[in-house]
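**Q** structure, please.
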Amino acid sequence: MNYVDQLIIRFPELAPQKDAINLSVKSIIDCYKAGGKVLIAGNGGSSADCEHVSGELLKGFETTRPISNDELEKLSKYIPESDARALQKGIPALPLTSLIGAITAFSNDVCYDLSFAQLVFALAKKEDVVLAISTSGNSKSVTSAAKVAKALGVKTIALTGKTGGELAKVTDITVIAPADATYLVQEYHLPIYHAICAQVEREIFG
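**A** Alright, predicted model coming up:
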């Protein structure tokens, strides 16, 4: 049984979102195989979720993801073999929320609402995925980032709640937590993105 199926067993109210969750998994796998990266945007509690998602993707989550013998040989020329063996395969993921210098500079010089849009415009390539997290689906800074991604031909995934808001209108894939209150939406978001990250890891690394 895969992680998405397990998620639905634990949270049967998420069954209507199963197809969107599976499409999210596929999109991230396709992105990785194409040499792309996941760009993640969100505000407040969702900003913390951006960091959390990137942490699950950049290193081993449910498995240790050992490096290949070829990588081990190359690395061991520069660092001790024991250190090289400790490294793990990563899925490139960048929480845009971590780029504080760029965000505050753009916010000060232009406006905050377009800060993530600016970062997507500067960083995104067609093989990437933009993961936009907003509990209401109406955060202007997040929806603007998704719109810029769409304009650039970059795949977009929304993780939201309530009715999906503006994000549901502009993203390729929308996963909607079945709740209205912000804290309840966030309580669903964590198991959803855990299942996505774990399933991506399983399908890429076995």
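**Q** torsion angles phi and psi at residue 153?
**A** phi 80, psi 30 (degrees, to the nearest 10).
**Q** helix/strand/coil for residue 48?
**A** Per DSSP: H, G, I helix; E, B strand; the rest coil, the secondary structure class of residue 48 is helix.
**Q** from residue 193, how far off is it?
**A** Distance, residue 48 to residue 193, by Cβ to Cβ, to the nearest Å: 12 Å. No exception for glycine: its C-beta is placed from N, CA and C like everyone else's.
**Q** which helix or strand contains residue 175?
**A** strand 173-177 (DSSP states H and E).
**Q** partner strands of that strand and their direction?
**A** Strand 173-177 has the following sheet partners, assigned by DSSP bridges: strand 155-161 (parallel).
**Q** go through the following helix or strand past the partner strand and flag the buried ones.
**A** From strand 155-161 onward toward the C-terminus, using DSSP H and E, the following helix or strand is helix 165-170. By 16 or more other Cβ atoms under 10 Å, the buried positions in helix 165-170 come out as 165, 166, 167, 168, 170.
**Q** look up phi and psi at the residue of the chain positioned farthest from its centre.
**A** In the chain, the residue that sits farthest from the middle, by Cα atoms, centre = their mean, is residue 77; the gap is 33.4 Å. Dihedral pair for residue 77: phi -70, psi -20, per degrees, to the nearest 10.
**Q** for it, give me the pLDDT.
**A** Predicted confidence (pLDDT) for residue 77: 96.
**Q** residue 95 pairs with what?
**A** residue 40.
**Q** can you give me the buried ones in the lengthiest helix in the chain?
**A** In the chain, taking DSSP state H as the definition, the longest helix is helix 182-205. Across helix 182-205, burial judged by 16+ other Cβ under 10 Å covers 185-186, 188-189, 191-201, 205.
**Q** over to stretch 102-112?
**A** For stretch 102-112, by 16+ other Cβ under 10 Å, it's 103, 106.
**Q** what residues does it touch?
**A** 96, 97, 114, 115, 116, 118, 119, 141 (Cβ atoms under 8 Å, 6 or more residues apart in numbering).
**Q** now the third one. Nearest residue, chain neighbours left out?
**A** Nearest residue to residue 114, sequence neighbours excluded (Cβ to Cβ, 6 or more residues apart in numbering): residue 144, at 5.5 Å.
**Q** quick check: that neighbour touching residue 117?
**A** Yes. Taking Cβ atoms under 8 Å as the definition, residue 144 is a contact partner of residue 117 at 4.1 Å.
**Q** any idea how far residue 196 is from residue 190?
**A** In terms of Cβ to Cβ, residue 196 sits 11 Å off from residue 190.
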